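Student: kindly generate the corresponding structure for this input.
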Amino acid sequence: MRIDDNADAAMQQLICRTAPKYIATHKAGLDPDQPRAFSAVLASIVGHIESGTMGQELGDTPSISGKRDPVVRAITNGDVIDALTRGVRDFQAAPRYGLVLGAACALIGLAVVVTLFLAGMPYLAYPIAAGFALVCPTLAAMLYEVSRRLESRESLSFGSIWRTVTGRSEVRWMGFMTVFVFIVWMYQVRLLMALFLGYSGMAATLAEFVHTVLTTTPGLVFLLVGNVIGAVLSIILFSLSVVSFPLVLERDVDFVTAMITSVRAVTLNPGPMLLFGVIIGALLAVSVLTGFLGLVLAMPILGHATWHLYRKAVAPEAPAAPG
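Tutor: Numbers count the residues shown, from 1 in each chain. Here you go, the predicted structure:
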């Protein structure tokens with residue numbers, strides 16, 4: 001039997017483009033007259049996908065853009081703790097950058113909440129505060145650059161760091177993505193309020209809103225569904241951004257490749273990444289409960305730690321081949 005179907009031919013071409021290591025191993029088996037050998041190649045690829053090693057080895061192959069995809073590595077819970085420790089050290093080595101950014105985030109959070117109260121929309125204070133975590137990766141981009149410069153022993157200044165971060169178009173695209181998710185979060189909050197609480201929920205005072213949410217069945221359902229959706233959005237955004245922001249800041253990669261690399265790193269290391277996500281959520285929750293003042297310390301530590309976790313989860317860029 002011959003493999004002369006157009007779909008099979010397209011599949012062979014796809015495999016040749018995306019998995020050259022495996023194809024090279026079974027090069028003789030790519031002859032259309034040998035379907036069993038070709039099936040063995042497919043089985044090999046499926047086996048690597050199931051074992052979680054496909055993403056690692058594919059990092060050594062050229063992507064569609066012609067560039068080599070970043071290689072993700074396995075990390076442990078100890079690596080997460082070490083990244084946090086290194087984050088604290090970076091904060092201590094260059095405290096003014098972290099303090100300024102943390103204070104700016106705290107002031108922004110306070111200003112937004114105060115504005116909501118003055119505008120008669122106190123019911124949005126909680127979702128705004130909860131959604132603050134969604135835009136944190138963008139706000140911390142300057143801290144990634146500080147850690148990168150400390151690591152490479154480059155000079156530090158607010159002006160040069162700002163120009164580097166804002167000058168990277170892929171960083172701006174990543175920032176747009178996080179803001180978009182935040183907007184989706186706020187829209188779904190308004191939708192859920194309309195569905196479960198009606199107009200009365202939006203017209204209530206803060207005390208009336210809290211009483212409705214905590215003591216009535218529609219309010220409790222609203223709280224439950226809203227938090228579940230928020231958690232799902234947070235997990236999605238965490239998976240897309242935990243590695244991608246530092247990656248586009250350091251290397252010449254497009255933001256789509258960076259997000260795919262971030263997801264690969266999370267799927268390869270679900271336990272350590274879950275631990276890091278829980279730590280982020282806990283520190284941000286404490287910061288919100290302190291009137292956002294905790295962000296003065298939490299933001300710089302988490303920002304610097306994210307850079308070091310990226311360093312552990314993504315292998316250094318391989319030198320370009322000569323010639």
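Student: make sure C105 is actually in contact with L293.
Tutor: No: applying C-beta atoms under 8 Å as the test, C105 and L293 come out as separate, 10.4 Å apart. Heads up, the C-betas are built off the backbone N, CA and C, glycines and all.
Student: who has more neighbours, the two?
Tutor: Per other C-beta atoms under 10 Å, whichever of C105 and L293 has more neighbours is C105, with 22 against 17.
Student: residues touching the more buried one, list them.
Tutor: Residues near C105 by C-beta atoms under 8 Å, 6 or more residues apart in numbering: 136, 139, 292, 295, 299.
Student: tell me how far W307 lies from L191.
Tutor: For W307, the distance to L191 equals 36 Å [C-beta to C-beta, to the nearest Å].
Student: can you get me a residue count around the nearest residue to P95 once chain neighbours are set aside?
Tutor: Leaving out its chain neighbours, the residue that sits closest to P95 by C-beta to C-beta, 6 or more residues apart in numbering is P300, at 7.8 Å. Using other C-beta under 10 Å, P300 has 31 other residues around it.
Student: relative to Y310, how far out is P300?
Tutor: To Y310, P300 is 16 Å away according to C-beta to C-beta.
Student: the stretch 101-250 of the chain: helices as residue ranges?
Tutor: With DSSP state H, counting those that start in this stretch as the criterion, the stretch 101-250 of the chain has helices at 125-139, 141-152, 158-166, 169-196, 198-203, 206-215, 217-241, 244-250.
Student: can you say which of those helices is packed in most?
Tutor: Among these, ranked by average contacts under mean count of other C-beta atoms under 10 Å, first place goes to helix 244-250 (a mean of 26).
Student: mind listing what the closest residue in space to C105 that isn't next to it in sequence touches?
Tutor: Once flanking residues are discounted, C105 sits nearest to L295: 4.6 Å by C-beta to C-beta, 6+ apart. Applying C-beta under 8 Å, 6+ apart to L295 gives the contacts 102-103, 105-106, 109, 284, 287.
Student: again, 7 Å this time
Tutor: 102, 105-106, 109, 287 (C-beta atoms under 7 Å, 6 or more residues apart in numbering).
Student: got the domain boundaries for the protein?
Tutor: Following automatic domain parsing, the chain resolves into domains at 6-51, 77-313.
Student: what is the mean pLDDT for the first one?
Tutor: Domain 6-51 shows an average pLDDT of 42 in the prediction.
Student: cool, stretch 301-318 as well?
Tutor: Rounded mean pLDDT across stretch 301-318 is 91.
Student: what's in contact with it?
Tutor: 68, 70-73, 75, 79-80, 83-84, 86-88, 90-91, 140, 143-144, 147-148, 242-243, 246-247, 251, 261, 265, 269, 276, 280, 283.
Student: how about stretch 234-246?
Tutor: 133-134, 137, 141, 144, 174, 178, 181, 255, 258-259, 261-263, 265-266, 273, 277, 306-307, 310, 313-314.
Student: and what of stretch 161-176?
Tutor: 138, 141-142, 145-146, 241, 244-245, 248-249, 254-255, 258.
Student: how far away from the center of its chain is it?
Tutor: Offset of stretch 161-176 from its chain centre (C-alpha atoms, centre = their mean, to the nearest Å): 15 Å.
Student: what about it, average pLDDT?
Tutor: On average, stretch 161-176 scores 88.
Student: try stretch 223-240
Tutor: On average, stretch 223-240 scores 88.
Student: again, but for stretch 267-279
Tutor: If you average the pLDDT values across stretch 267-279, you get 95.
Student: from the chain's centroid, how far away is that stretch?
Tutor: That offset, for stretch 267-279, works out to 12 Å (C-alpha atoms, centre = their mean).
Student: got the buried residues for it?
Tutor: If you call a residue buried by 16 or more other C-beta atoms under 10 Å, then stretch 267-279 has these buried ones: 268-269, 272-273, 275-277, 279.
Student: looking at those residues, which are in strands?
Tutor: Among the buried residues of stretch 267-279, DSSP state E puts none in strands.
Student: pretty sure A94 sits against L150.
Tutor: Yes: between A94 and L150 there is a contact at 6.3 Å, judged by C-beta atoms under 7 Å.
Student: elements contacting the host helix or strand of A83?
Tutor: Using DSSP states H and E, A83 falls within helix 77-93. Contact partners of helix 77-93 among helices and strands, from 3 or more C-beta pairs under 7 Å, 6 or more residues apart in numbering; DSSP states H and E: helix 141-152, helix 270-289, helix 295-313.
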